[in-house]
Structure formats: structure tokens, C-alpha cells
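Participant: fold the following and give me the result.
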Amino acid sequence: MFKKVLIANRGEIALRVVRACRELGIETVAIHSEADRKSLHVRFAAESVCVGPADVQESYLNIPAIISAALVTGCDAVHPGYGFLAENARFAEMCERSGLHFIGPSPEVIRTMGDKVLAREIGRKAGVPMVPGSEGALGDPSSAVTVARQIGFPVIVKASGGGGGRGMKIARSPDELERLVRVAQSEALLAFGNPEVYLEKFFIDPRHVEVQVVADKHGAAVHLGERDCSVQRRFQKVVEEAPAPGLPRQVVADMGEAAVSLCQSVGYTTVGTVEFLVDDSNRFYFIEMNTRIQVEHPVTEMITGVDICKSQILLAAGERLKLRQRDIKSMGHAIECRINAEDPVTFRPSPGVISEYYQPGGIGVRVDTAVTAHSIVAPHYDSLIAKLIVHGADRAETLRRLRWALEQYVIDGIKTNIPFHRRLLVHRPYVEGRLNTGLLNNVIDQGEGP
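Facilitator: Numbers count the residues shown, from 1 in each chain. Next up is the predicted model:
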């Protein structure tokens with residue numbers, strides 16, 4: 001087992017890792033920028049090291065400074081959290097070369113699955129259903145038109161080396177496609193240092209469903225069921241829940257089997273997520289794999305009782321997976337709302353000082369956050385400041401409990417998207433479980449309520 005872990009992240013996920021390590025008897029070291037000097041993850045870690053100024057390039061993405069901080073403090077492992085360097089194969093390699101265990105899959109697997117074109121090829125060989133699209137990276141824009149005519153418009157151009165909605169362009173005609181391929185290639189080069197893009201059939205308002213996988217270094221792997229992540233704005237998840245409402249259990253079982261097969265085909269270890277699109281006929285298609293812990297992992301923890309963060313650390317340390325697929329049971333329903341520091345109408349970031357803070361509680365209510373009253377929400381980082389996760393016996397009870405929790409949640413001094421979540425939770429299609437990636441269009445654009 002590891003003796004001391006450096007947490008190469010900030011905010012709620014850094015604090016989440018501190019808690020998991022404390023339960024395992026592992027000492028922790030928090031890194032922080034100058035702007036985060038008084039953050040909660042710094043306060044509760046056993047030690048802390050400033051790795052640079054507020055700018056992420058000079059602090060949370062500063063690989064030499066982070067590696068040095070780990071070595072100077074005597075750490076034997078590094079936990080990357082999510083975002084920042086969590087899926088950076090070079091960072092994982094640098095950790096290993098420095099004698100540090102990287103708490104995640106191997107650099108080779110990160111690099112392989114991070115290349116979306118290569119990941120599609122691996123998925124195809126593993127027998128996982130694939131979204132129709134190009135066989136590899138696109139060359140000139142005219143080749144994209146040829147593929148698009150074969151699979152049919154509309155199509156979506158995606159960056160091979162990226163994710164999170166960046167570099168994605170939807171085209172509905174040949175002329176539009178040629179232009180957007182060039183734009184996507186330029187954006188991909190700027191965002192990821194890799195101009196390669198590929199093409200997929202664009203499904204209009206599908207469901208976005210992901211499967212949580214857990215695997216050890218000895219060849220064993222299981223899945224912990226699915227999460228529905230269809231409630232999105234501009235390809236960014238807003239609300240996640242488990243299990244996926246109305247999705248047939250046989251489809252979920254097949255999806256889970258496909259996810260495990262994919263993991264084992266690439267020698268995947270620790271925890272990860274395999275993402276799928278689901279069409280109107282409940283056919284599912286692989287789109288990508290996230291080689292890290294997810295923002296929305298708590299909803300799976302709530303319904304399975306499995307501590308995913310602790311499992312990740314244990315498996316990275318070489319322990320065998322004690323879970324068997326037959327042992328994993330789903331209990332009730334859980335929903336997570338991402339609480340962002342942003343205007344609930346325009347969605348513009350709202351940095352500042354939190355003047356008053358009160359978070360909800362009670363049975364089945366969990367809040368993962370690293371802010372309190374008087375916390376400074378800096379403009380330099382992602383706007384996510386908290387995750388409200390609610391669990392109930394079924395979806396109806398969970399929704400009632402979640403509405404009340406949102407009513408209790410007080411964050412003053414800055415704007416948050418809490419009012420937006422309140423509107424969503426009375427939006428009839430959402431209440432009825434009719435989820436798809438276009439659901440928020442009505443809530444946002446038409447301002448629809450019940």
C-alpha cells in the first residue's frame with residue numbers, strides 16, 4: 001500500500017481524494033496555486049506545496065513543479081483526480097520515471113484510449129458496437145464528404161486527441177462539412193496539439209449513457225452499471241443519474257459486457273468509464289473511454305455502495321479486485337446536479353467571494369464541495385464549485401428529495417446555476433424520464449417549465 005500520495009488537482013475532487021486516503025491510512029500532500037493557498041483541500045491534507053501562480057499552465061499543469069513537489073515531500077504515488085493532467089500520458093510517464101506510482105492506468109493505455117481514432121479501432125476489434133464513421137483520421141476535407149455521403153448526413157467532426165466538446169462540429173451538407181473540417185482541425189491543433197479529426201454519424205438527440213468499469217492488474221474487471229448523462233449543454237454534462245430511466249436491463253447488461261470486454265482487450269487497470277450513445281431503438285454505440293475517475297462517480301457510489309475513489313487507489317497499489325459481477329447490486333436511484341458558479345440565464349462564469357453558504361443535508365443527501373462562506377471563486381478555473389447528489393428508494397422519491405435539497409441550498413455573493421436546476425426538475429419531459437441530449441434546448445431556449 002502507498003504511504004504518501006500527492007494530489008495533483010484542486011477543489012472538490014482533491015478533497016475527495018484526501019478523504020479516501022485518510023480512510024486508507026495514507027498521508028496526503030496537496031499542491032496548490034497561489035490563488036488556492038487557503039482552499040479546503042490544502043487545509044485538510046497533511047502537507048501542502050505551492051506549485052506556481054494562479055495561471056493553470058504555471059501551476060496545475062506544471063509537470064516539473066508537480067513531480068518535484070512529490071519527490072521533495074517523500075511521496076510514493078500521485079493521484080491526478082479529473083481534468084488537468086488526469087489523462088496526460090506524458091505526465092503518467094514522468095511519474096513512473098521518477099519512481100512514483102501513477103494512480104490510474106498505464107501511460108500506454110492512456111495514450112491509446114485518448115486517441116479517439118485508435119480507440120474506435122480497438123473497440124471495433126473487441127466487438128463493441130461502433131457509431132458509423134470514418135475508418136481513421138480524415139485527410140483532406142473532400143475525403144470527409146465521401147464518408148458522409150456513405151453514412152448519411154448529418155455528421156459530426158471530432159478531434160482525435162480531445163474531448164469535452166472542443167473541436168466538435170456538426171455538418172448537415174457537403175459544403176458545410178468541408179468548411180467545418182478545416183475549422184475543427186485548427187481548433188484541435190490549438191487545444192490538443194494534434195490536428196487529426198475523424199467523422200461520425202450524428203444522431204439527433206440520442207441518449208448519452210456511460211458504464212463505470214473497475215479493473216485490477218491481474219486481469220479481473222467488472223462494471224458497476226450505467227449512468228445517464230444525457231442532460232447536457234454544448235456537450236457538457238449538467239445532470240447525471242443512475243440507473244438510466246427506462247433503459248431495458250438487458251440493454252444495460254449488454255452494454256456492461258461490452259465495456260468490460262473493451263477494458264480487458266487493452267489491459268485497462270483501476271477505474272474508468274466507457275461512454276455510449278443510445279438511439280431511439282435502444283441500440284448502443286461506443287464513442288470514447290475516459291481513463292480517469294469521473295465528476296459524476298458519486299451517483300454510482302450511492303446506488304452500489306462501492307467507494308470508487310478508494311477502489312482506484314487500492315487497485316493502483318496492486319491489490320486484487322474483490323468484487324465479482326454477481327455481487328454488484330443496484331439499490332434505489334441517485335441524481336447528481338453540478339453546481340456551477342455561473343449566471344443561471346446566460347451561463348457566463350460568476351467568480352467572486354461567497355458571502356453566505358449553507359448546504360442541504362438529511363437522509364440520502366450528499367454534497368461534494370471545497371467551498372464555504374468566504375471562499376474565493378477564482379476566475380482562473382472551471383466554474384464547478386459543488387456537486388449535489390441525492391439518493392432515494394426510486395426516481396420519484398429522489399426527485400422530491402432533490403427539489404427540497406435545492407430549495408435549501410444557499411450560496412450568496414456570486415451567481416450559481418441552482419435556479420436553473422430548479423427549473424429543470426419541474427420540466428415535464430425530464431420528470432417523466434424522457435432524457436436525451438437535446439432535452440435542455442427547450443429549458444434554455446424556450447424557457448419552458450412544466
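Participant: make it CA atoms for all contacts and neighbour counts henceforth
Facilitator: Will do.
Participant: can you give me phi and psi for Leu85?
Facilitator: phi -100, psi 10 (degrees, to the nearest 10).
Participant: let me see the contact set for it.
Facilitator: Contact partners of Leu85, counting by Cα atoms under 8 Å, 6 or more residues apart in numbering, are 8, 60-61, 91.
Participant: from those residues, which is closest to Gly413?
Facilitator: Nearest to Gly413, judged by Cα to Cα, of the contacts of Leu85 is Tyr60 at 26.3 Å.
Participant: ok, which pair from the contacts of Leu85 is furthest apart?
Facilitator: The largest distance within the contacts of Leu85, taken as Cα to Cα, falls between Tyr60 and Phe91 and amounts to 11.7 Å.
Participant: so which of these two has more stuff around it?
Facilitator: Tyr60 (24 against 21; other Cα atoms under 10 Å).
Participant: how many other residues sit next to Ile328?
Facilitator: By the criterion of other Cα under 10 Å, Ile328 has 16 neighbours.
Participant: what do you get for Val271?
Facilitator: Here the count is done by other Cα under 10 Å, and Val271 has 29 residues near it.
Participant: under the pLDDT cut-off, which ranges of this protein? List them.
Facilitator: With pLDDT under 70 as the threshold, the chain has low-confidence stretches at 163-165, 445-450.
Participant: next helix or strand past the lengthiest strand in it?
Facilitator: For the chain, the strand reaching the highest residue count under DSSP state E is reported as strand 221-233. Moving toward the C-terminus from strand 221-233, the next helix or strand (DSSP states H and E) is strand 236-242.
Participant: how far off strand 221-233 does that following strand point, in degrees?
Facilitator: Using axes from the mean of the first three to the mean of the last three Cα atoms, to 10 degrees, the direction of strand 236-242 lies 130 degrees away from that of strand 221-233.
Participant: mind listing what's buried along strand 236-242?
Facilitator: Residues 237-242 are the ones in strand 236-242 that count as buried (16 or more other Cα atoms under 10 Å).
Participant: stretch 363-373 now?
Facilitator: Of the residues in stretch 363-373, those buried under the neighbour-count criterion (16+ other Cα under 10 Å) are 365-372.
Participant: just to revisit the earlier point, which of the contacts of Leu85 fall in strands?
Facilitator: Counted as lying in strands by DSSP E, out of these, is not a single one.
Participant: out of those, which are inside helices?
Facilitator: Judged by DSSP state H, the contacts of Leu85 include Phe91 as members of helices.
Participant: and the contacts of Leu85, which is closest to Asp76?
Facilitator: Minimum separation from Asp76 among the contacts of Leu85 (Cα to Cα) is found for Ala8, which lies at 13.1 Å.
Participant: so Thr435 is in contact with Ser230, correct?
Facilitator: I think there's a mix-up here, since residue 435 is Leu and not Thr. Yes - with the criterion set as Cα atoms under 8 Å, Leu435 and Ser230 qualify as a contacting pair; they are 6.2 Å apart.
Participant: what touches both of those two?
Facilitator: In terms of Cα under 8 Å, 6+ apart, Leu435 and Ser230 are both contacted by the residues Arg207.
Participant: higher neighbour count, the two?
Facilitator: When neighbours are counted by other Cα under 10 Å, Leu435 and Ser230 differ, and Ser230 comes out ahead with 29 against 22.
Participant: using CSV, write out every CA atom in the helix or strand harbouring Phe276.
Facilitator: Secondary-structure element containing Phe276, defined by DSSP H and E: strand 270-278. Output in CSV follows, covering the C-alpha atoms of strand 270-278 (Å, rounded to 0.1, in the frame of the first residue of the first chain):
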residue,chain,number,x,y,z
THR,A,270,-8.0,0.9,-11.9
VAL,A,271,-11.3,2.8,-12.7
GLY,A,272,-12.6,4.3,-15.9
THR,A,273,-15.7,5.0,-17.9
VAL,A,274,-16.8,3.7,-21.3
GLU,A,275,-19.3,6.1,-23.0
PHE,A,276,-22.0,5.1,-25.4
LEU,A,277,-24.8,6.8,-27.5
VAL,A,278,-28.2,5.1,-27.4
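Participant: so what are the sheet partners of it and their directions?
Facilitator: Sheet pairing for strand 270-278, assigned by DSSP bridges, gives strand 207-215 (antiparallel), strand 284-290 (antiparallel).
Participant: and the longest strand of the chain, what does it pack against?
Facilitator: In this structure, strand 221-233 packs against strand 207-215, strand 236-242, helix 249-266, helix 297-304, helix 439-441, with contacts taken as 3 or more Cα pairs under 8 Å, 6 or more residues apart in numbering; DSSP states H and E.
Participant: switch the cut-off to 7 Å
Facilitator: With contacts taken as 3 or more Cα pairs under 7 Å, 6 or more residues apart in numbering; DSSP states H and E, strand 221-233 sits against strand 207-215, strand 236-242, helix 249-266, helix 439-441.
Participant: all helices for the stretch 251-400 of the chain, in order.
Facilitator: Ranges of helices within the stretch 251-400 of the chain are 297-304, 308-316, 395-408, based on DSSP state H, counting those that start in this stretch.
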